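# whatever this is, show me its structure:
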Amino acid sequence: MSMTFGIVLTPRSGTDWARAATAAEQQGYRTILLPDTRFTPSPFPALAAAAAVTTTIRLRPNVLAAPLRTPAATVRETAALQLLSDGRFELGIGSGRPDAAADAQWLGASWGSPAQRRAHLVATIAAVRAEVDPAPPVVVAANGPRMLATAAEAADRILLAAGPSATEAELAELVRTARAATNRALRFTHQVVGIGGRLPIWTATKLGLTADALTDAGAAGMIPAEPSAAAEILERRREKYGIDEVIVPGELAADFAPILAYLADRS
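Here you go, the predicted structure:
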């Protein structure tokens, strides 16, 4: 089971976005990921633009809030991305962040109860698999027990949507919960929160977190800057928990570059 890496990027201009997408491909990332929020560019056209300037890197929203679109709308946009990227699109999707109800209201979409949102998610995934050729891999973000059980049956991969302070023991419990819900083999993704003493600006300013506090709390998303130490942690989690994909915030790309190079040399 090899390890792959994705990078979360957000367009700031057309020129900047093209440059960032090509740089990510050259640096060895497997996937470009783009948030789906009211305050970031719509992921489908942005990922289509990234597809136009790249040839191998895969493209994934991180993650679509399923309630914000009808299943038919998601099918249509997914089919377009599969066409324009020559099959490099991946459907990252979830039932919506707790604060995404405001996004739904802004868009005039129905939000619904947690059970209704899970049902909508399952229906959307089924529609995409039935109507898009080739059907893209499906990555479902999940945290709570019911959502983990849904993802265990519906997803090709599960994004462990743990908070930035989550410990490795908490990650292990998410993995255990998902595996207990199915006999299927599962693969997992986890996102880096910080590297060494560095955090993304949003994490530090909007959430009020510090690298020292997260490290002291044993946050699993904090990894050391020293490449061999970071690699040891990531490789152990891959073997122990099946976390074989790691997502890196774009702001930390320079910090992660030596780790990525070290792991590439070992593969």
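
# surely Ala161 touches Ala141?
Yes - Ala161 lies in contact with Ala141 (Cβ atoms under 8 Å); the separation is 4.4 Å. Bear in mind the C-beta positions are built from the backbone N, C-alpha and C, glycine included.

# find the residues that touch each one of these two.
Gly94 (Cβ atoms under 8 Å, 6 or more residues apart in numbering).

# residues in contact with the strand ranked longest in the chain?
Assignment by DSSP state E gives strand 243-249 as the longest strand of the chain. Contacts with strand 243-249, where a contact means Cβ under 8 Å, 6+ apart, come from 1-8, 29-31, 33, 62, 157, 159-160, 171, 175, 187-192, 200, 203, 234, 237-238, 256.

# which ones among these are found in strands?
Checked against DSSP E, the contacts of strand 243-249 include these in strands: 4-8, 31, 33, 157, 159-160, 188-191.

# PyMOL command for the buried members of these?
To isolate in PyMOL the members of the ones in strands among the contacts of strand 243-249 that are buried, counting by 16 or more other Cβ atoms under 10 Å, one can use:
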select buried, resi 5+6+7+8+31+33+157+159+160+188+189+190+191
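
# will you turn the ones in strands among the contacts of strand 243-249 into JSON lines that also has distance to Ala166?
Shown next, in JSON lines, are the ones in strands among the contacts of strand 243-249 (distance: Cβ to Cβ, whole Å):
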{"residue": "Thr4", "distance to Ala166": "21"}
{"residue": "Phe5", "distance to Ala166": "20"}
{"residue": "Gly6", "distance to Ala166": "19"}
{"residue": "Ile7", "distance to Ala166": "21"}
{"residue": "Val8", "distance to Ala166": "17"}
{"residue": "Thr31", "distance to Ala166": "22"}
{"residue": "Leu33", "distance to Ala166": "19"}
{"residue": "Arg157", "distance to Ala166": "18"}
{"residue": "Leu159", "distance to Ala166": "13"}
{"residue": "Leu160", "distance to Ala166": "8"}
{"residue": "Phe188", "distance to Ala166": "13"}
{"residue": "Thr189", "distance to Ala166": "14"}
{"residue": "His190", "distance to Ala166": "9"}
{"residue": "Gln191", "distance to Ala166": "10"}
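
# quick one, strands of the stretch 51-200 of the chain?
58-61, 64-65, 91-94, 138-142, 157-160, 188-191, 194-195 (DSSP state E, counting those that start in this stretch).

# quick one: average pLDDT of the strand or helix carrying Ala23?
Here Ala23, judged by DSSP states H and E, is contained in helix 14-27. The average pLDDT within helix 14-27 is 98.

# same check on stretch 160-180?
Rounded mean pLDDT across stretch 160-180 is 97.

# one more: stretch 259-267?
91.

# mind listing residues that contact that stretch?
2-3, 5, 27-29, 195, 223, 225, 227-228, 230-231, 234.

# quick check on these: which are buried?
Met3, Phe5, Gln27, Tyr29, Ile195, Ile223, Ala225, Pro227, Ala230, Ala231, Leu234.

# how about the fifth one: what's its closest non-neighbour residue?
Taking Cβ to Cβ, 6 or more residues apart in numbering as the measure, Ile195 lies nearest to Asp255, with 4.1 Å between them; neighbours along the chain are not counted.

# buried set for stretch 195-205?
Ile195, Arg198, Leu199, Pro200, Thr203.

# ok, stretch 119-133 next?
Under the neighbour-count criterion of 16+ other Cβ under 10 Å, stretch 119-133 has His120, Leu121, Val122, Thr124, Ile125, Ala127, Val128, Arg129, Val132 buried.

# ok, those vs Phe89, which is closest?
Val132 (8.8 Å; Cβ to Cβ).

# list the residues that contact the closest one.
So Val132 contacts Val75, Thr78, Ala79, Gln82 (Cβ under 8 Å, 6+ apart).

# so which of these wins on neighbours?
Sorting those by how many neighbours each has (other Cβ atoms under 10 Å) puts Thr78 first, at 26 neighbours.
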